[in-house]
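1. sequence first, then the predicted structure, then my questions.
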Amino acid sequence: MQKEKILEVNNLKTYFYTREGVVKSVNGVSFEVNKGEILGIVGESGAGKSVTGFSLLRLIEEPGEIVSGEVKFKGQDLLKMSEKEMNKIRGNKISMIFQDPMTSLNPVLTVGRQITEVLIFHQNYSRKDARRRAVELLEMVGISSPEKRIDHYPSQLSGGMRQRVVIAIALASNPEILIADEPTTALDVTIQAQIIGLMKNLIDKFNTSMIIISHDLALISEIADKIMVMYAGDIIEYGDKGKLISEPAHPYTQGLIDSLPVLERDQKRLNQIKGLMPSPLDLPEGCKFKPRCDYAGDDCPEGTELFEVSKAHFATCRKAQFFSKKLMRGVG
Amino acid sequence: MLEYIGKRIWQTLIVLFLVSIIVFVMVNVNGDPVQSLLPPDAEPWAVEELRTSLGLDKPLYVQYFMFVKNALQGDMGISYYQQTPALNLVLDRLPKTVELALAAILISIIIAIPAGAYAAVKPESPFSKFIMFGSLAGISLPTFLSGILLILIFAVTFSWLPSSGRGDAAQFLGMKSSLFTLDGWKHIIMPAATLGLYMVAMLIRLVRAGMMEVLKQDYISFAKAKGMPGRIIYIRHALKNTMIPVITVIGLQLGRLIGFSMITETIFAWPGMGKLILDSINRLDRPVIMSYILVVAVIFAFINLTVDLLYYFFDPRIELN
Amino acid sequence: MREKLRKALNSDLFYSYKNNKLVILASIVLLLIVFSSVFAAFIAPHDPYNLASVSLMDSMRPPSWMEGGVGKFVFGSDLQGRGVLSTILYGTRISIMVGLAAVALGGTVGVTLGMISGYFGGKVDSVIMRMADVQLSFPTTMIAITVMAFWGRGILKLIIVIGLATWVTYARTARGSTLSLKNSEFIEAAKLIGVSKTKIIMRHVLPNILTPIIVIATVQIAQVIMLEATLSFLGMGVPLTEPSLGLMISDGYKRLLSGSWWLVIFPGAVLVMIVLSINVIGDWLRDTLNPKLK
């Protein structure tokens, strides 16, 4: 079955020009998203996953810059659009949800105002209709007594409710793609599950595609169809969720999976990946994970290009699969 | 809400009480008005008589209580110099000073808010750099000097504007003000610009700094991610957040302007309270000085209270308690 | 010593200084003005307050390049026949002295009260801050004018009045910084070892709150010099027997309509140059030393 390809990113590079030097936050990534599909981007902080998300909507600010690449939305390259055309995409065709609901809503505008302005600007709603629609949206994201809440200021809402409002804003124009940058990190654990459930529900209902960005592989593996693992600006592994989780190819992915708590296993302590991500200003040549890698040796692949490990599963290294026997030692 | 206002009024009363004591003491330990009112060769009985008639022969604390008691009834004594009730003298001049201060604020806001916002949105543009250097020069120019320079340029060299006095006043909506006539504006524009210059310079810096801070916030990025165009982001999302400290400062500056109006009014011979107080200080006209300071204290207290309440209306985050 | 110098030259402060042409220009202008006023006695063409060197014959000369000007008075002369340039040099010396002394006084009083207020809190704090509130309910300029009007002219009086009229700014900043330091670990540690309160405040609090204080003090020098000029202009500052920029401008203002612009323009320009240079430097210090404010 051929799925409709809705977003295609080719060799995207976003650099930050700081006084200390050039930080290659996103160093040539390529991926695609199909209609109704959920892509999860996972990685440590500083891996470039959020910058990737922001680059898609061209929200990179000084001293950052999108250096090269293509971001094709339904065949149109967003990077070639004018700022005005781009504003017709943002919040309308492609929406974004930020990490911290406490700071992503404007404190001096009412909830209603922040929803209706999207409807008025993108969908040419009248003020009255926009308000009616905003109440519906609030109801849709599970906010009780929306007629009252619509006139509240963000400070009068809890964190979970604010994120619901943010979701309502993001979905107001019924976008084709929703980019969610760590949408639950700032929330309480109990609320996290509710918010993820709500998002998954709405995405399915409207057949919206989603790119969800998180450091939490457990969360990603629960919700995503495809997973993309980033490390120091590169994609190091990319493929269908099932394959990537069950047969990780890259030692880093393997490490991320091993560090997850598993109920069935009687673990004294969780496994962890040793060391820290290298300074973005001083990256090693070739594989950037090498200094932390248990399997590093002279036989490591030289480049950082992805190659096909199996069907719909790509990685820059497959040493984890060679050594997977060795790893069993730790479990048994 | 009511409780908060009550508390604030109570605090204000304490401040006014302290001010009244300080003013009273300060006025009374300095200079002897009797000597400045009478010729140096006056007979001792004449000196004594005047002293008694002014109530200056009684102990200081009695003088203070008399002063407070009378003040509460609106009686601040008779001007030694002009023989009319001192408070009336001050209150007669008050509207003219307020007129000047309001014109100055109006000019400041019209110039400073767009200029400051522009300098924040496009910090690297040459025009922004010009704005910022201009505002630095503005706070480096003493009021009296900028007034003189304006007179030198527009009155002496080009003879475009009158160098002193207040213009014709006209009645409009029940208010009489020189702001409603062309002649009035010709007279007020230079003193108002002089008085407002410091405020323009300071507001530009404040608006720019505040706006730059706000533009870094997540909710601005989120508004951009919503696809909002520049004008909505800068005006609706950023400027409204920036206005909170700006309103406070504008309010507090209104007080400062009334203080500075002493200098401006003197230079442009503007018939307001500032000129009156400087003249009275030189004549040691105590009742007028005390009336002025108390009137100003009440005005400031009222301004501070209003600013606090405005703050509440503009910032939904503030809870009153 | 050499090591220290090298360290200083490599610091962020010096780096940003090197790259800021406006600040370099401002510091050169300021140094020139300070230098020439300190050595006014050697540089000035004549001593304007030595009656022997002043002659009414030289009254109201325009600047030397204009018709009627003479070489002796580059910037012209006033009604008494004093050279404008000489009077400016002598007057600037007084302005700068008053500026530094008043800031030292206001700063010392303000920082001390602010630290006490912040460190001890409670009643002491409320009394000091209530005092600050009362004073803040009037503009500094108005307080200074009123007090000087009653007290009379005088340089020492000016310093005291201006110093005490400006303590609140320092006090508030010192208090705020002290509050944020008060519960830090090194202060707690010093308390535990039994270091006395005075010593904690002087040795541990003071050095750590100096940065914002220095920034404020820099800007305040400019403010104070303006205030001194304003008071002198109104006839409530420097006595008539002393040279002062404010007095010179006041003189010129009285004769403004007669077209003797040089009596206002030159002292005014010097005053603005001093204040502007200090403000440029103060701005830069604030931006560099306090990245939070950027």
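-> In hand now; what should we look at?
2. quick check: A:Lys290 vs A:Asn10, distance?
-> From A:Lys290 across to A:Asn10, the span is 26 Å (C-beta to C-beta, to the nearest Å). From N, CA and C alone the C-beta is placed, and that goes for glycine too.
3. verify the stated contact: A:Ile177 with A:Ser209.
-> Yes - assessed by C-beta atoms under 8 Å, A:Ile177 is found in contact with A:Ser209 at 4.7 Å.
4. overlap of the contact sets of those two?
-> Counting by C-beta atoms under 8 Å, 6 or more residues apart in numbering or on different chains, the shared contacts of A:Ile177 and A:Ser209 are A:Ile6, A:Leu7, A:Val33.
5. in the host helix or strand of the last one, what counts as buried?
-> I take that to be A:Val33. Assigned by DSSP states H and E, A:Val33 falls within strand A:21-34. Of the residues in strand A:21-34, A:Val23, A:Lys24, A:Ser25, A:Val26, A:Asn27, A:Gly28, A:Val29, A:Phe31, A:Glu32, A:Val33, A:Asn34 count as buried by neighbour count, 16 or more other C-beta atoms under 10 Å in any protein chain shown.
6. that older thread, what is the nearest of the shared contacts of A:Ile177 and A:Ser209 to B:Ser20?
-> Proximity of the shared contacts of A:Ile177 and A:Ser209 to B:Ser20 (C-beta to C-beta) peaks at A:Leu7, which lies at 72.5 Å.
7. my guess is the closest one meets A:Gln76, correct?
-> No - using C-beta under 8 Å, A:Leu7 is not in contact with A:Gln76, being 10.5 Å away.
8. and these two? which has more neighbours close in?
-> Legend: neighbour count by other C-beta atoms under 10 Å in any protein chain shown for A:Leu7 and A:Gln76, higher for A:Leu7 (23 against 12).
9. could you give the bridge partners of the more buried one?
-> Residues in a beta bridge with A:Leu7, per DSSP bridges, are A:Val33, A:Phe73.
10. can you check what pLDDT the model gives C:Ser260?
-> pLDDT for C:Ser260: 80.
11. no no, B:Val62
-> Looking at B:Val62, the pLDDT reads 82.
12. and it, that one's in a helix?
-> Yes - B:Val62 forms part of a helix when assessed by DSSP: H, G, I helix; E, B strand; the rest coil.
13. neighbours around it, how many?
-> Around B:Val62 there are 11 other residues, counting by other C-beta under 10 Å.
14. any idea how far B:Lys69 is from it?
-> B:Val62 is 11 Å from B:Lys69, by C-beta to C-beta.
15. list residues touching both of these two?
-> Common contacts of B:Val62 and B:Lys69, defined by C-beta under 8 Å, 6+ apart, are absent altogether.
16. out of the buried residues of strand A:21-34, flag the one nearest to chain B.
-> Distance to chain B across these (C-beta to the nearest C-beta) is lowest for A:Ser25, with 16.1 Å.
17. who's in contact with that closest one?
-> The contact partners of A:Ser25, by C-beta under 8 Å, 6+ apart, come to A:Thr14, A:Tyr15, A:Phe16, A:Gly48, A:Val51, A:Gly64, A:Gly233, A:Pro280.
18. can you list the residues of the stretch 151-300 of chain A near chain B?
-> The stretch 151-300 of chain A has residues A:Tyr153, A:Ser155, A:Gln156, A:Val166, A:Ile169 near chain B, with proximity defined as C-beta under 8 Å from any C-beta of the partner chain.
19. any stretches of the stretch 1-150 of chain A with poor pLDDT?
-> The stretch 1-150 of chain A contains residues with pLDDT under 70 at A:1-2.
20. helices of that one, start to end?
-> Assigned helices in the stretch 1-150 of chain A, in chain order: A:49-56, A:83-89, A:101-104, A:111-123, A:127-140, A:146-149 (criterion: DSSP state H, counting those that start in this stretch).
21. again, but for the stretch 51-200 of chain C
-> According to DSSP H, counting those that start in this stretch, the helices that the stretch 51-200 of chain C contains are C:84-120, C:122-136, C:140-151, C:155-165, C:167-182, C:185-193, C:197-199.
22. and if you look at the stretch 151-300 of chain A?
-> Using DSSP H, counting those that start in this stretch, helices in the stretch 151-300 of chain A cover A:159-171, A:189-206, A:217-223, A:241-246, A:251-258.
23. distance between stretch B:7-27 and the chain's centre?
-> Taking C-alpha atoms, centre = their mean, to the nearest Å, one finds stretch B:7-27 lying 19 Å from the centre of the chain it belongs to.
24. hang on, A:Ala232 packs against A:Ser279?
-> No - using C-beta under 8 Å, A:Ala232 makes no contact with A:Ser279, being 9.6 Å away.
25. circling back to that earlier point, from the contacts of A:Ser25, which is closest to C:Thr288?
-> Set against C:Thr288, the nearest of those by C-beta to C-beta is A:Phe16 (22.2 Å).
26. for the one residue sitting closest to the centre of chain A, which residues are in contact?
-> Centroid check for chain A by C-alpha atoms, centre = their mean gives A:Ile213 as the closest residue, at 2.0 Å. Contact analysis of A:Ile213 by C-beta under 8 Å, 6+ apart lists A:Gly40, A:Ile41, A:Val42, A:Lys49, A:Ser50, A:Thr52, A:Gly53, A:Ile179, A:Ala180, A:Asp181, A:Glu182.
27. near chain B, which residues of the stretch 51-200 of chain C show up?
-> C:130, C:133-134, C:137-139, C:141-142, C:145-147, C:149-151.
28. drop anything exposed from these.
-> Among those, those scoring as buried are C:Val134, C:Ser137, C:Phe138, C:Pro139, C:Thr141, C:Met142, C:Ile145, C:Thr146, C:Val147, C:Ala149, C:Phe150, C:Trp151 (criterion: 16+ other C-beta under 10 Å).
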